[in-house]
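*Asks:* No sequence on hand, only this structure:
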Ligand SMILES: [Zn+2]
């Protein structure tokens, strides 16, 4: 098999046996490092009387307690600024960044050394290379280059791949469209929400990105959109490009899984740099292939902030590597990150995933934006989806959209959704991460 399609053919094609041996070796080093350098980890392991030399097989990881976001936040509020989870001091670090703080507990302050930073961009390289990005590409990184780590690492990965890399912090959407056309950009790195926004702005400027631009790859992270079929299709059509999903977390500091050029409908897990478990979020029991549960991460690359059995809150369904035909031996997450455990809403006994609603709504090119609102009326839970059509379809297509989207939502959930068509411009637009779900039930 040719090795030219793999960033790291040595590990990406490794047998499961060798992969597990590698993971075990790395796990021993990580647990020892965490125990000796992170006060929080020393405390956690002492509490359960676990010593680093207690790791003799991969199964032993189950004896280590989970790490939660709440614990990390608590540690920082108890011991400002950085808490006691870090294994390094600010003096030993070269980068500061913070999590986006969308989980309600406020942003987490994180330090990185050079090694962490190099590792984080290396993780992005696996995915971008697997998707087809090469040194001949011209990459535009649509990021504000603020405290949020995600696209910083993507930027460094583009450089590491040898591609010409365009930072665009502070640019308006119009500026970015102009830059894409002027420079012959071939790769856009952004959130899916922002790529939709850029396509709308280009449309207003009279630019047909699919026809006139040279963009062939959209590299997405920050949200699950690129793995939602309806959204993916919409992005592919409006950009005339291949759309790939490369999820990661600020806490891990790098990509955790990636889409390869075969686009199997699953994301390969970076198994040489992580142990990724799937658990039942309620019982915390480990789940097997094909079972939907919460992703728990152990990261081997993050020296500054040791992450062992970190509960991500993300829902995934793991499948074997044979799910994809690319030859990689890394297992996959079918359908990508399926949503957040806390985004799953129960309405009249039916589970509603915002990503499932998004998938249906995005099938319609007439739709510009949408919003899901869950509320209580006369003590009964109701769900409403507000749909904002593009101006050129308003109001002629209102009735059609309302009828067909209602039907599709009903068929997918066996639950009636109230679909309301709103005027163009009525719904909020998002430049970075979207907030399209409102649950008003507890506020009444
Ligand atoms: Zn593959």
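*Replies:* That came through, no problem. Bear in mind that the values here come from a model prediction, so they are computed numbers and not experimental data.
*Asks:* Get me the contact residues on the stretch 201-350 of the chain for the ion.
*Replies:* Residues of the stretch 201-350 of the chain lying near the ion by CB under 5 Å from the ion: 260, 262, 324, 326, 328. All C-beta atoms are positioned from the backbone trio N, CA, C, and that covers glycine.
*Asks:* can you do 6 Å?
*Replies:* 260, 262, 264, 268, 324, 326, 328 (CB under 6 Å from the ion).
*Asks:* quick one: the third one and residue 359, what's the gap?
*Replies:* Between residue 264 and residue 359 the distance, using CB to CB, to the nearest Å, works out to 18 Å.
*Asks:* higher neighbour count, those two?
*Replies:* residue 359 (21 against 16; other CB atoms under 10 Å).
*Asks:* Verify the contact between residue 225 and residue 358 for me.
*Replies:* Yes: under the criterion of CB atoms under 8 Å, residue 225 makes contact with residue 358 at 7.3 Å.
*Asks:* quick one: the helices in the stretch 201-350 of the chain?
*Replies:* Ranges of helices in the stretch 201-350 of the chain, per DSSP state H, counting those that start in this stretch, are 209-212, 229-239.
*Asks:* Quick one: mean pLDDT for the shortest one?
*Replies:* Same thing as helix 209-212. Mean per-residue pLDDT for helix 209-212: 97.
*Asks:* Tell me which residues are up against that helix.
*Replies:* Applying CB atoms under 8 Å, 6 or more residues apart in numbering, the contact partners of helix 209-212 are 177, 180-181, 198-199, 202, 215, 237-241.
*Asks:* Out of the residues you listed, which two sit at the greatest distance?
*Replies:* By the measure CB to CB, 181 and 237 form the most distant pair in the contacts of helix 209-212, at 18.9 Å.
*Asks:* about what we covered before: where do the contact lists of residue 225 and residue 358 overlap?
*Replies:* residue 231.
*Asks:* in the chain, what spans have low per-residue confidence?
*Replies:* Residues of the chain meeting the criterion pLDDT under 70: 1-3, 100-105, 431-433, 443-444.
*Asks:* dump the residue contacts of the spatially most central residue of the chain.
*Replies:* The centroid of the chain falls nearest to residue 247 when counting by CA atoms, centre = their mean (3.0 Å). Residue 247 sits next to 221, 224, 255-257, 267, 314, 336-337 when contact means CB under 8 Å, 6+ apart.
*Asks:* do the same with residue 240
*Replies:* Residue 240 touches 209-211, 213, 215, counting by CB under 8 Å, 6+ apart.
*Asks:* run the last query once more with 10 Å
*Replies:* Contacts for residue 240 were tallied using CB atoms under 10 Å, 6 or more residues apart in numbering; they are 208-216.
*Asks:* so what's the backbone phi/psi at it?
*Replies:* With angles defined as degrees, to the nearest 10, residue 240 shows backbone torsions of phi 60, psi 40.
*Asks:* Equivalent analysis for residue 24, please.
*Replies:* Here is the backbone geometry of residue 24 (degrees, to the nearest 10): phi -60, psi -40.
*Asks:* tally of neighbours for the residue nearest to it when sequence neighbours are not counted?
*Replies:* Leaving aside its chain neighbours, residue 24 sits nearest to residue 58 (5.5 Å; criterion: CB to CB, 6 or more residues apart in numbering). Number of residues near residue 58 (other CB under 10 Å) recorded here: 13.
*Asks:* returning to that earlier point: quickly name whichever of the residues of the stretch 201-350 of the chain next to the ion is closest to residue 45.
*Replies:* residue 268 (31.0 Å).
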